[in-house]
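Trainee: A predicted structure for the sequence below; I have some questions about it.
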Amino acid sequence: MIEAIAGEGIGAGQTVYFGNDGKLYLVDRLSSREQACASGGERIEKGDTVEIKDGIVRRKPQAAGQLTRKQTLSMPAGPELDTLIAEKVMGIYQHFPPKYSTDIEAAWAVLDHLNCGVNLSRTRGTNSDSSSRVFWSCELIFGLRRFCSGECKTAALAICRAALLAVTS
């Protein structure tokens, strides 16, 4: 537990914010206006790892090879994603893994392996130039936990991004 803000304890799972004044604040104690005005600080969220050194609390840098949520959601289809799916989701290590992110049949094997609820949807939208576009999203449901792929060009890519989020979160 970290001592901060007039003796309040900050425990695991709480979101904290380092303000410009060097103080640590609980995010749920700040209004949205205060959060927006507190620029320049470092926001630490659930799941981030922190370290305390010389009395200063800082977010630990991401370990090499670990992807952030943002990186996972922007990862393109291809061999790199296929390798991550094979190793982290399927638990297999092959020099040439199946093309999970581009082959829908291989992507369905990922869903079968995860044995979870699935909501796969195809949506038609409109671009800023009024042209139409189609995108896919995949939501994997593990009891009360849900992992969503965001908008993807193909169903296979949506399945892979959601699966990778599910096993790395």
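Mentor: Structure's in. What do you need? As the structure is a computational prediction, the values presented were derived from the model and not from experiment.
Trainee: going forward, measure contacts between C-alpha atoms and count neighbours the same way
Mentor: Will do.
Trainee: most residues in a single helix of the chain, which one?
Mentor: Longest helix of the chain, by residue count under DSSP state H: helix 155-168.
Trainee: quick one, helices of the chain?
Mentor: Assigned by DSSP H, the chain shows helices spanning 32-37, 69-74, 79-84, 104-114, 155-168.
Trainee: thinking again about what came up before, pLDDT of the longest helix of the chain, averaged?
Mentor: Mean pLDDT, helix 155-168: 93.
Trainee: Show me what it packs onto, helices and strands only.
Mentor: Helices and strands touching helix 155-168, by 3 or more C-alpha pairs under 8 Å, 6 or more residues apart in numbering; DSSP states H and E, are helix 69-74, helix 104-114, strand 117-126, strand 132-142, strand 145-148.
Trainee: deepest of those, which one?
Mentor: Among the helices and strands packed on helix 155-168, strand 132-142 has the highest mean neighbour count (mean count of other C-alpha atoms under 10 Å), at a mean of 18.
Trainee: what's next to that strand, contact-wise?
Mentor: Under the criterion C-alpha atoms under 8 Å, 6 or more residues apart in numbering, residues 116-127, 146-155, 158-159, 162-163, 166 lie in contact with strand 132-142.
Trainee: circling back: can you tell which of the helices and strands packed on helix 155-168 is closest to Ala86?
Mentor: Judged by C-alpha to C-alpha, the one of those that comes nearest to Ala86 is helix 104-114, at 8.9 Å.
Trainee: relative to strand 117-126, how tilted is the closest one?
Mentor: Using axes from the mean of the first three to the mean of the last three C-alpha atoms, to 10 degrees, the direction of helix 104-114 lies 140 degrees away from that of strand 117-126.
Trainee: Show me where this protein dips below the pLDDT cut-off.
Mentor: Confidence mapping of the chain against pLDDT under 70 gives the ranges 1-65.
Trainee: domains in the chain, as residue ranges please.
Mentor: Following automatic domain parsing, the chain resolves into domains at 2-59, 69-168.
Trainee: Include distance to Gly91 when you put the helices and strands packed on helix 155-168 into JSON lines, please.
Mentor: Listed next are the helices and strands packed on helix 155-168 as JSON lines, based on distance: least, C-alpha to C-alpha, whole Å:
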{"stretch": "helix 69-74", "distance to Gly91": "18"}
{"stretch": "helix 104-114", "distance to Gly91": "10"}
{"stretch": "strand 117-126", "distance to Gly91": "20"}
{"stretch": "strand 132-142", "distance to Gly91": "18"}
{"stretch": "strand 145-148", "distance to Gly91": "19"}
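Trainee: closest to Val89 out of those?
Mentor: Nearest of these to Val89, taken as C-alpha to C-alpha: helix 104-114 at 7.5 Å.
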